[in-house]
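A.B. asks: Predicted model, plus sequence, below.
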Amino acid sequence: MLLPLCTWSEIEQFLGRSRTIVIPIGSNEQHGPIGLLGTDWMCPEIIAHEAQKSADILIAPTFNIGMAQHHLGFPGTITLRPSTFIAAICDWVNSLAAHGFEKILFLNGHGGNVASIEAAFSELYAQASFARRPAGFALKLCNWWDLEGVGELANRQFPKGHGIHATPSEIAVTQWAYPQHIKSAEYSPPIANWGPIREAADFRARHPDGRMGSDPGLATPEKGRELVMLAALGLVQAVEAFSGEPSPF
């Protein structure tokens, strides 16, 4: 089920059989010469939407703006400050918890989000701890590339030139889902360098075309389909395991 396509009464009925919800979360930022700006939010959304086709899983609207300040040297990037990002996550969680959701899983598509998502979780749990009451919910962070078997598959598909940003695996996922928007470009060297991540001006100077250790030209829609199908299966398993955890509240 996709929450935006449901009515309130359908969500009320869903809560009668499940208290778990999945939130795809990512970023809108540059992804090198051929990667779509929405890659990091599209990947978890694509996987989550595929997973709900074969399982009774509720998918929230995609949280599509994240922590991307270091990409601001490239047009089209949109970012939030850490404090804004954390506050927004807290508001999303509190809204869902108010309706009775007890297990809230964030399916993440951007490595730069991880620290702030975990900080938001700590903030939410601290609110309950200071009040000396149960939180009433449990939170879980899953990066889509860490779902069962996905990393191993990507390593087999791209044994050389995978890198850490504008990777062929994430670009392949978007190529499969949006074949009408496949791009091509000339770039050199084929495999980009990488280095530390600091502010936007430093990043653009180190990575002039936006890639980090990757050769996105290796991506194909066929490889993207393999990744999506395996990740969707892994997400179903992760949701089932999370839903099955005992609740202390």
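C.D. replies: Arrived safely. Numbering: from 1, shown residues only.
A.B. asks: Name the residues of the helix or strand of the chain with the lowest mean pLDDT that come out as buried.
C.D. replies: Averaged element by element with mean pLDDT, DSSP states H and E, the chain has its least confident helix or strand at helix 200-206 (a mean of 93). The neighbour-count check on helix 200-206 (16 or more other CB atoms under 10 Å) flags 200, 203, 204, 206 as buried. The way it works is simple: take the backbone N, C-alpha and C, and place the C-beta from them, glycine included.
A.B. asks: of those residues, closest to residue 33?
C.D. replies: residue 204 (14.0 Å; CB to CB).
A.B. asks: Now the top helix by length along the chain: average pLDDT?
C.D. replies: When the chain is scanned for its longest helix (criterion: DSSP state H), the result is helix 221-244. Averaged across helix 221-244, pLDDT comes to 98.
A.B. asks: same for it, what does it pack against?
C.D. replies: The helices and strands touching helix 221-244, judged by 3 or more CB pairs under 8 Å, 6 or more residues apart in numbering; DSSP states H and E, are strand 20-25, helix 39-51, strand 103-108, strand 138-143, helix 150-157, helix 168-177.
A.B. asks: tally of neighbours for residue 9?
C.D. replies: Residue crowding around residue 9 was assessed by other CB atoms under 10 Å; the count is 8.
A.B. asks: picking that back up, report the angle between the longest helix of the chain and helix 150-157.
C.D. replies: Here helix 221-244 runs at 160 degrees with respect to helix 150-157, directions being taken by axes from the mean of the first three to the mean of the last three CA atoms, to 10 degrees.
A.B. asks: which SS class is the residue sitting furthest away from the middle of the chain?
C.D. replies: When each C-alpha in the chain is compared with the mean C-alpha position (CA atoms, centre = their mean), residue 132 comes out farthest, at 32.0 Å. Here residue 132 is recorded as coil under DSSP: H, G, I helix; E, B strand; the rest coil.
A.B. asks: now the one 4 residues further on
C.D. replies: Applying three-state DSSP to residue 136 yields a three-state assignment of coil.
A.B. asks: Thanks a lot, catch you later.
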